[in-house]
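[1] Task: produce atomic coordinates for the following.
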Amino acid sequence: MVPLAPVNLNLNLKDEKPANVVTPDRTISLQACFQTAFRNNREIASAMYNLPIAKAAIRIAGAVPNPHFTLLFGWGPEWSYIIAGQPEQFGWQFDLQTDGKRRKQLAVAHANYGVSEFTVAQVMFDVHNRVRRAYAEQAAAEAYAELIESQRRVALDLLRISQNRFAAGKAAGSEVLQAQLGVMQLDTQRNQAQARLQQATVALSLITGELPRRVEVIDVDDNGLFKLSAEKTDLVPAPDRQLPPLEELIPVAYKERPDLKVQVQQRLSDQKAVDLAKAQRIPDVFVDTGYQFTIFKKSQPYSLFNNPQTGLPAALGNIPGCYLNVGIETPIFYQHQGEIAQAKATWLQDFDQIKQLRSQIATDNITAYEAVVGARANIYQFQKELLPLAALVAKQAFRRYQVGKADLASAILARQQYQQTLSSYFDAVVAYQNAWADLEKGIGVSLNL
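    Now for the predicted structure:
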């Protein structure tokens, strides 16, 4: 049997920060995150370009078609002699749109501009909702890191007591080893908490439009629920604050949801597109008008156009004239049935998509509302019953071990139970914050209770 190596019972475990801990160098509020995201977020900046694009489309739709200038002018015998010559000409070609096509194109373009406006609002609200979630995760990571630090200080106190009891001959060396193990286990959790905190900072920086360039930790000033505070926070209302009835929220969602507004405006745009497609059945008129002249030589060969009095070739001058040419499509084989059918099908599809979206909105709101109610009930039970009881048990176990009336195992177990209870409470707070964000997303507007 291989003998075990001797174990150092005097490890230098101090209450100090490890090397990988980054000290927060700035504090930011939720409202400041919203303002920064609306100003710097790349998704919002990209979506904003849709507005000038749609505005340019309005200008394009309302433009009067430019006339085409034509010129026919030549050199050589082809243009000089009557026997084969052709007249020169210049003129303009006009496209005369019929059945109000320009007006209907403008209607479609204006409706599409409305779609772009609602789309930008949808992107902004989506970013707003994701900022709330990222800020909540930052607050949760910060609170969890503080929890691990507080639990580590308790574990260090237990280690010191066990070392003193061992030095006084009142405890075995196994108690010291057990206490050291508890501290070391919390050291690994401390590293995990620090990594979570830094990752949450990167996510929050990215959603607010910042470009992360270094490892940092952002401090948040709104984590009252994690500190067992009953005060109202910007993240979520206090769990004991009364919620509005679900029956009042769903009609608000039908009115305020940005994606529903986009879909309704898209239906209007597609309806205008049907009118424009029908107008294509009436052909446009193309008018070509201009001036025609000749540059024939005065003396023509072969006695062409001889002067009857002298018998000599006649002197030819300019032979001018004007012309008018009208062209129109004759819709004999095709009357744009495909374009009309496509536009109608797209328009009718919008009705089904709106019905489907309204059903999804109702489902989202009911699900999120029930999640909020359940999370609030859990938080209330944690705050009023579980946490005070777990704290009392941990405190009594610590005191009993300190005075020698209980063993170390019971004190460590009570501390671990309290830590697990606090961790479960933090999970309930995170679930409440996420459920609240889901409820706001389902309604489509911020809820200020």
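
[2] so where's the stretch 1-150 of the chain uncertain?
    Within the stretch 1-150 of the chain, the segments meeting pLDDT under 70 span 1-24, 83-85.

[3] Tell me where this protein has helices.
    30-40, 42-48, 50-61, 77-80, 101-167, 173-207, 246-256, 258-279, 337-381, 387-402, 408-443 (DSSP state H).

[4] out of those, which comes closest to residue 225?
    helix 408-443 (4.8 Å; Cβ to Cβ). Backbone N, C-alpha and C define where each C-beta goes, glycine included.

[5] buried residues in the closest one?
    408, 410-412, 414-415, 418-419, 421-422, 425-426, 428-443 (16 or more other Cβ atoms under 10 Å).

[6] about what we covered before: residue 218: which of the helices of the chain is closest?
    The nearest among the helices of the chain, by Cβ to Cβ, is helix 173-207 at 4.7 Å.

[7] how big is the angle separating the closest one from helix 387-402?
    If you take axes from the mean of the first three to the mean of the last three Cα atoms, to 10 degrees, helix 173-207 sits at 150 degrees to helix 387-402.

[8] Return the distance of helix 173-207 from the chain's centre.
    33 Å (Cα atoms, centre = their mean, to the nearest Å).

[9] For it, buried residues please.
    So, applying 16+ other Cβ under 10 Å, buried residues of helix 173-207: 175-180, 182-183, 186, 189-190, 193-194, 196-198, 200-205, 207.

[10] got it, and stretch 40-52?
    Quick answer for stretch 40-52 (16+ other Cβ under 10 Å): 41, 44, 47, 50.

[11] okay if I get the residues you listed as JSON lines plus distance to residue 365?
    Formatted as JSON lines, the buried residues of stretch 40-52 follow (distance: Cβ to Cβ, whole Å):
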{"residue": "41", "distance to residue 365": "26"}
{"residue": "44", "distance to residue 365": "25"}
{"residue": "47", "distance to residue 365": "25"}
{"residue": "50", "distance to residue 365": "28"}
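
[12] quick one: which of those residues is nearest residue 75?
    Distances from residue 75 to the buried residues of stretch 40-52, taken by Cβ to Cβ, are shortest for residue 50, at 53.3 Å.

[13] Contacts only, for that closest one.
    Shown in contact with residue 50 (Cβ atoms under 8 Å, 6 or more residues apart in numbering): 116, 119-120.

[14] quick one: contacts of stretch 331-340?
    Contacts of stretch 331-340 (Cβ under 8 Å, 6+ apart): 274, 277-278, 280-281, 283.

[15] count of residues packed around residue 248?
    A total of 9 residues lie near residue 248 under the criterion other Cβ atoms under 10 Å.

[16] just residue 290 next, same as before
    18.

[17] Please look at it and residue 89 and confirm they touch.
    Yes. Using Cβ atoms under 8 Å, residue 290 makes contact with residue 89 at a distance of 5.5 Å.

[18] list residues touching both of these two?
    Between them, residue 290 and residue 89 share these contacting residues under Cβ under 8 Å, 6+ apart: 70, 323.

[19] which phi and psi does residue 41 have?
    Main-chain torsions, residue 41, degrees, to the nearest 10: phi -60, psi 130.

[20] What distance do you get for it to residue 335?
    48 Å (Cβ to Cβ, to the nearest Å).

[21] same question, residue 198
    Applying Cβ to Cβ to residue 198 and residue 335 gives a distance of 66 Å.

[22] Then residue 291?
    Using Cβ to Cβ, residue 291 is found at 37 Å from residue 335.

[23] where does the stretch 201-350 of the chain have low pLDDT?
    214-216, 222-224, 227-234, 299-318.

[24] returning to what we had before: can I get the helices of the chain in CSV including distance to residue 238?
    CSV is the format used below for these (distance: least, Cβ to Cβ, whole Å):
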stretch, distance to residue 238
helix 30-40, 16
helix 42-48, 31
helix 50-61, 39
helix 77-80, 94
helix 101-167, 15
helix 173-207, 23
helix 246-256, 19
helix 258-279, 28
helix 337-381, 9
helix 387-402, 16
helix 408-443, 11
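
[25] Of all those helices, which one is nearest residue 326?
    Per Cβ to Cβ, nearest to residue 326 of the helices of the chain: helix 101-167, 18.2 Å.

[26] distance between the closest one and the chain's centre?
    14 Å.

[27] what about residue 353, neighbour count?
    Residues near residue 353, counting by other Cβ under 10 Å, number 12.

[28] Also residue 257?
    When neighbours are counted by other Cβ under 10 Å, residue 257 comes out with 25.

[29] got the contact list for the nearest residue in space to it that is not next to it in sequence?
    Excluding the flanking residues, the one nearest residue 257 by Cβ to Cβ, 6 or more residues apart in numbering is residue 444, at 3.6 Å. Counting by Cβ under 8 Å, 6+ apart, residue 444 touches 125, 252-253, 256-260.

[30] can we see that at 7 Å?
    By Cβ atoms under 7 Å, 6 or more residues apart in numbering, residue 444 lies in contact with 125, 253, 256-258.

[31] Please indicate which of these has the highest neighbour count?
    Going by other Cβ under 10 Å, residue 257 tops the contacts of residue 444 with 25 neighbours.

[32] That one and residue 120, how far apart?
    In terms of Cβ to Cβ, residue 257 sits 15 Å off from residue 120.

[33] One more: residue 92?
    From residue 92 to residue 120 the distance is 42 Å (Cβ to Cβ).

[34] who's more crowded, these two?
    Set residue 92 next to residue 120 and count neighbours by other Cβ under 10 Å: residue 120 wins out with 20 against 13.

[35] so that one touches residue 48, yeah?
    Yes. Here residue 120 reaches residue 48: they are 6.0 Å apart, a contact under Cβ atoms under 7 Å.

[36] Now for those two: what residues contact both?
    Shared contacts of residue 120 and residue 48 (Cβ under 7 Å, 6+ apart): none.
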